[in-house]
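Asks: let's see this in three dimensions:
(one chain, ligands or ions: 1)
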Amino acid sequence: MPVNETLNSIKNRRSTRNFKSEQIKAEELQAVLEAGIYAPSAGNQQAWHFTVIQNKELLTWLNREAKKKAKQLKIEHLQTMASNESFNIFYGAPTVILVSGEENAVVIESDCAAATQNMLLAAESIGLGSCWVDFVIIAFTGSEGEEYLENLGIPDGYKPYASVALGYKNTEAIEPPPRNRNVINYIR
Ligand SMILES: Cc1cc2nc3c(=O)[nH]c(=O)nc-3n(C[C@H](O)[C@H](O)[C@H](O)COP(=O)(O)O)c2cc1C
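Replies: The predicted structure follows:
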């Protein structure tokens, strides 16, 4: 199989769940965001919006709000995580990029997923740790969700589909979860 830097970043990327508190450099953040906006999108709509959150109080609030609401959901594993006082949905990452998309755009979830994955790979390629965190979306559910979106400066008609927790890794190399290889068939 061919080997190059891109393929290495794809294989080496792991969900980082322990970050140093030190903030990442502005140019590192820009490189990650640039990768996000260079993602493919259906019909080239680019109907996404990226909210960079580096404010500690806001990150703490989002963590609390998501966990508070997760406790009320009838989903056991979310309830269990949310009930754990020491669990932080962003794992202490100093930067979180909230990925929102225009609700009415076709297959917007896919567009936002493409942008999210591009950012995770960009992060890995420059030595940053990252984790795709959808848990945060729970914070925006309920009647006050719209108000929260407005307060965060998310454009009208957009809502969050994903987030990327970003920072310097505070872990040794992480073993990848085993990959299921029995997922391919060939028609030739
Ligand atoms: C759509 C999506 C949502 C995810 N949400 C979360 C999340 O809220 N919290 C979390 O810790 N990991 C989350 N992950 C990361 C997965 O748990 C992780 O990718 C998976 O366990 C495989 O591990 P790896 O990323 O190291 O390959 C999410 C991944 C995807 C694709």
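Asks: sheet-wise, list the partners of the lengthiest strand in the chain with their directions.
Replies: As assigned by DSSP state E, the longest strand anywhere in the chain is strand 158-167. Counting by DSSP bridges, the strands paired with strand 158-167 are strand 95-102 (antiparallel), strand 129-132 (antiparallel).
Asks: buried by neighbour count: which residues of stretch 37-54 qualify?
Replies: Neighbour counts over stretch 37-54 (16 or more other C-beta atoms under 10 Å) mark A39, S41, Q46, A47, W48, H49, F50, T51, I53 as buried. The C-beta positions use only the backbone N, C-alpha and C, and glycine is treated the same way.
Asks: can you pull the pLDDT of the nearest residue to the third one once chain neighbours are set aside?
Replies: Nearest residue to Q46 in three dimensions, chain neighbours excluded: I37, at 7.2 Å (C-beta to C-beta, 6 or more residues apart in numbering). We have a pLDDT of 98 for I37.
Asks: and what of E175?
Replies: 88.
Asks: widest-spaced pair of the buried residues of stretch 37-54?
Replies: S41 and I53 (22.6 Å; C-beta to C-beta).
Asks: does stretch 112-124 reach the ligand?
Replies: No. Stretch 112-124 is not in contact with the ligand by C-beta under 6 Å from any ligand atom; minimum separation 6.8 Å.
Asks: may I have that stretch as PDB, with CA atoms only?
Replies: Extracted in PDB, the C-alpha atoms of stretch 112-124 (Å, rounded to 0.1, in the frame of the first residue of the first chain):
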ATOM      1  CA  CYS A 112     -20.800  19.500   8.400                       C
ATOM      2  CA  ALA A 113     -19.400  16.000   8.900                       C
ATOM      3  CA  ALA A 114     -17.000  16.500   6.000                       C
ATOM      4  CA  ALA A 115     -15.800  19.800   7.500                       C
ATOM      5  CA  THR A 116     -15.500  18.300  10.900                       C
ATOM      6  CA  GLN A 117     -13.400  15.300   9.700                       C
ATOM      7  CA  ASN A 118     -11.200  17.700   7.600                       C
ATOM      8  CA  MET A 119     -10.500  19.600  10.800                       C
ATOM      9  CA  LEU A 120      -9.700  16.500  12.800                       C
ATOM     10  CA  LEU A 121      -7.200  15.400  10.200                       C
ATOM     11  CA  ALA A 122      -5.600  18.800   9.900                       C
ATOM     12  CA  ALA A 123      -5.200  18.900  13.700                       C
ATOM     13  CA  GLU A 124      -3.500  15.500  13.600                       C
END
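Asks: average pLDDT for it?
Replies: Across stretch 112-124, pLDDT averages out at 98.
Asks: which residues touch that stretch?
Replies: Applying C-beta atoms under 8 Å, 6 or more residues apart in numbering, the external contacts of stretch 112-124 come out as 6, 9-10, 12-13, 31-41, 48, 50, 97, 99-101, 129-130, 132, 161-162, 164, 166.
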